[in-house]
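A.B. asks: just to be clear, the model below is a prediction. Sequence and coordinates:
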Amino acid sequence: LVVVSRWQGNERDGHGQHQAAGALTPEAVRLAGDPAAYPELREEGLRPWSVRKLYVGGVRETEAWHVRLNTGVHDPVLGGSYSLLGRLGLGMQRSQTQGRVDPFAEGQPLFYRRVQPEAASSREAGFFDGLDVSLPGVYQLLGVAAPAGHPSRLDAIAREVDTAASAFTIAKPSASAAPIARGLSALRRLAADTTDPDVRAVFDVKARQFEDALASAAGLSLAALAEPPGASEDTPGTPFTPPPTLPPVTPGQRAAVRVIAAHGGAAEVMVTRLAVTHPAGTLMTDVPRSIAALGSAERRSHVFTLTIPADAAPTRPYFVRASPAEGRFTLLDPSLTGSPGTPPPLTASADLEIAGVPVTRRVPVMRREANLPFGFELYPLEILPPLSVSLLPQSRIVVRSSGDAIPLEATVTSHAAETVEGSV
């Protein structure tokens, strides 16, 4: 909806990369909403999107500006001020700051000028001033004519949200579950009656947010732990019994996955199905209706035993480059463009009914790793090749015909559960 460019595209920005970013941002914003620009993106499922406002930063108080942002104000949700979060982010740039962060530095006000659409000299209360970002305002915000009956249905969903917020208490968050469930059910029906793709995309996002809120209010948790086969049996233990651990798996290896759905609240919750999806397919089990209902502090679990396919691909980022000298990455899977990382190779899911509304929750399969004496840590289960080879140094300049011996250190690491034979 709103794009804020830190750079203006002039000498005030500093070096050339900053200036280029500032100069290109307005053009990128314009092209993002042009259906004729980059038509190949439609084949990837990416639709044009019109940005409602574009601001530029680096503006001085004595110049024309529209938004003043007080960066030193503490935000109770974020747990700090924008200024502190910015300094923490800058501290992650090790080449520039080496992690130096002053958490007590005073936040300075920042000033921004709106450049698209062009604005008069009047001040604005914030970046979203004049934009109705509420759920009932979605049609107006997107510039789409609302079908008959949709505004009133959106108003009804918004009232359920207000009811849930009023019912919520820290001591009993499950009091919000029923109105959230009613709102989710109504939103799903409305989305099914929606033909505009942009509006439908907003409804789909809102539905996922409703599902997250419903699971949280109900006190529902879902976990999936990978363990060695046979270690996941329901055997009694003591508080001093170490839990089973498992390293990353390799193709052809067997593993057990325990899926646990737990209910810690007071809402009406039923578990109807548990499942594990892995490179070879999906394993599932239906929970009998007679034991599907979960009372408070109850859980349902199931252990799935599976074999990693022999041709399973190793877990790796979907973007690669041969060396840091390359200015851009190559995408191994273009369908993941824009994703923060490669999806986990193994996931678990639970089909549930919360307050009578069906919901599916998904989590990555995790594994335990000992970090004693600090306890056990959880990591996403990864698929690794049976062997890995590293060479030190990775590169070296040599003089031809020098006759000098060149020491090289080759390290072979086995990730396989069984003995591996070979030669280097």
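C.D. replies: Sure thing, it's come through. In this text, all values refer to a predicted model and were calculated from it rather than measured experimentally.

A.B. asks: for the helix or strand of the chain with the lowest mean pLDDT, name the packing helices and strands.
C.D. replies: Across the helices and strands of the chain, the lowest-confidence element by mean pLDDT, DSSP states H and E is helix 94-97, at a mean of 75. Identification of packing neighbours for helix 94-97 by 3 or more CB pairs under 8 Å, 6 or more residues apart in numbering; DSSP states H and E yields helix 82-91. Every C-beta, even on glycine, is put in place using the N, C-alpha and C of the backbone.

A.B. asks: packing partners of the helix it packs on?
C.D. replies: If contacts are counted by 3+ CB pairs under 8 Å, 6+ apart, helix 82-91 sits against helix 94-97.

A.B. asks: how far away from the center of its chain is the helix it packs on?
C.D. replies: How far helix 94-97 lies from its chain's middle: 26 Å, per CA atoms, centre = their mean, to the nearest Å.

A.B. asks: any buried residues in it, and which?
C.D. replies: Judged by neighbour count (16 or more other CB atoms under 10 Å), helix 94-97 contains no buried residues.

A.B. asks: contacting residues around it?
C.D. replies: With contact meaning CB atoms under 8 Å, 6 or more residues apart in numbering, helix 94-97 is reached by 90-91.

A.B. asks: and for stretch 347-362?
C.D. replies: Contacts for stretch 347-362 (CB under 8 Å, 6+ apart): 177-178, 180-182, 184-185, 211, 214-215, 218, 220, 222, 224, 257, 259, 261, 267-277, 363-365.

A.B. asks: can we see that at 6 Å?
C.D. replies: Outside of stretch 347-362, the residues within contact range by CB atoms under 6 Å, 6 or more residues apart in numbering are 177-178, 181, 184-185, 211, 214-215, 218, 222, 224, 259, 261, 267-277, 363-365.

A.B. asks: out of the residues you listed, which are buried?
C.D. replies: Those of the contacts of stretch 347-362 that meet the buried threshold are 177-178, 181, 184-185, 211, 214-215, 218, 222, 224, 259, 261, 267-277, 363, 365, by 16+ other CB under 10 Å.

A.B. asks: just the CA coordinates for stretch 212-226, please, in CSV.
C.D. replies: Provided in CSV are the C-alpha atoms of stretch 212-226 (Å, rounded to 0.1, in the frame of the first residue of the first chain):
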residue,chain,number,x,y,z
ASP,A,212,-3.6,-18.0,13.6
ALA,A,213,-5.7,-16.0,16.0
LEU,A,214,-8.2,-18.8,16.6
ALA,A,215,-5.5,-21.4,17.3
SER,A,216,-3.7,-18.9,19.7
ALA,A,217,-6.9,-18.0,21.5
ALA,A,218,-7.8,-21.7,21.9
GLY,A,219,-4.4,-22.5,23.4
LEU,A,220,-3.7,-25.0,20.7
SER,A,221,-0.1,-26.1,19.9
LEU,A,222,1.2,-28.5,17.3
ALA,A,223,4.7,-30.0,17.3
ALA,A,224,6.5,-32.6,15.2
LEU,A,225,9.7,-34.2,16.5
ALA,A,226,11.9,-36.6,14.5
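
A.B. asks: can you give me the helices for this structure?
C.D. replies: Under the criterion DSSP state H, the chain contains helices at 16-32, 82-91, 94-97, 138-142, 150-167, 177-192, 197-218.

A.B. asks: could those helices go into JSON lines alongside distance to Arg113?
C.D. replies: Formatted as JSON lines, the helices of the chain follow (distance: least, CB to CB, whole Å):
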{"stretch": "helix 16-32", "distance to Arg113": "12"}
{"stretch": "helix 82-91", "distance to Arg113": "18"}
{"stretch": "helix 94-97", "distance to Arg113": "27"}
{"stretch": "helix 138-142", "distance to Arg113": "23"}
{"stretch": "helix 150-167", "distance to Arg113": "33"}
{"stretch": "helix 177-192", "distance to Arg113": "37"}
{"stretch": "helix 197-218", "distance to Arg113": "28"}
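
A.B. asks: winner for burial among those?
C.D. replies: helix 177-192 (a mean of 21; mean count of other CB atoms under 10 Å).

A.B. asks: now that helix against helix 150-167, angle please.
C.D. replies: Relative orientation of helix 177-192 and helix 150-167, computed by axes from the mean of the first three to the mean of the last three CA atoms, to 10 degrees: 160 degrees.

A.B. asks: against which helices or strands is helix 177-192 packed?
C.D. replies: Identification of packing neighbours for helix 177-192 by 3 or more CB pairs under 6 Å, 6 or more residues apart in numbering; DSSP states H and E yields helix 150-167, helix 197-218, strand 357-364.

A.B. asks: if we use 10 Å, what do you get?
C.D. replies: Counting contacts by 3 or more CB pairs under 10 Å, 6 or more residues apart in numbering; DSSP states H and E, helix 177-192 is packed against helix 150-167, helix 197-218, strand 347-354, strand 357-364.

A.B. asks: may I have the third one exported as CSV, CA atoms only?
C.D. replies: This file holds the C-alpha atoms of strand 347-354, laid out as CSV (Å, rounded to 0.1, in the frame of the first residue of the first chain):
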residue,chain,number,x,y,z
THR,A,347,6.2,-31.1,7.6
ALA,A,348,3.4,-32.2,9.9
SER,A,349,-0.3,-31.1,9.9
ALA,A,350,-3.3,-31.5,12.0
ASP,A,351,-6.9,-31.2,10.9
LEU,A,352,-9.0,-29.7,13.7
GLU,A,353,-12.3,-28.2,14.6
ILE,A,354,-12.1,-25.2,16.9
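
A.B. asks: who does it pair up with?
C.D. replies: Strands that pair with strand 347-354, judged by DSSP bridges, come out as strand 269-278 (antiparallel), strand 357-364 (antiparallel).

A.B. asks: shaky segments in the stretch 101-250 of the chain?
C.D. replies: Low-confidence segments of the stretch 101-250 of the chain, defined by pLDDT under 70: 232-237.

A.B. asks: hmm, try it at 50
C.D. replies: In the prediction, the stretch 101-250 of the chain carries no residues with pLDDT under 50.

A.B. asks: can you count the residues close to Thr347?
C.D. replies: 19 (other CB atoms under 10 Å).

A.B. asks: what residues does Arg47 make contact with?
C.D. replies: Residues near Arg47 by CB atoms under 10 Å, 6 or more residues apart in numbering: 33, 35, 41, 197-198, 201.

A.B. asks: between the strands paired with strand 347-354, which one is nearest to Glu409?
C.D. replies: Evaluated over the strands paired with strand 347-354, closeness to Glu409 peaks at strand 357-364, with 35.0 Å, by CB to CB.
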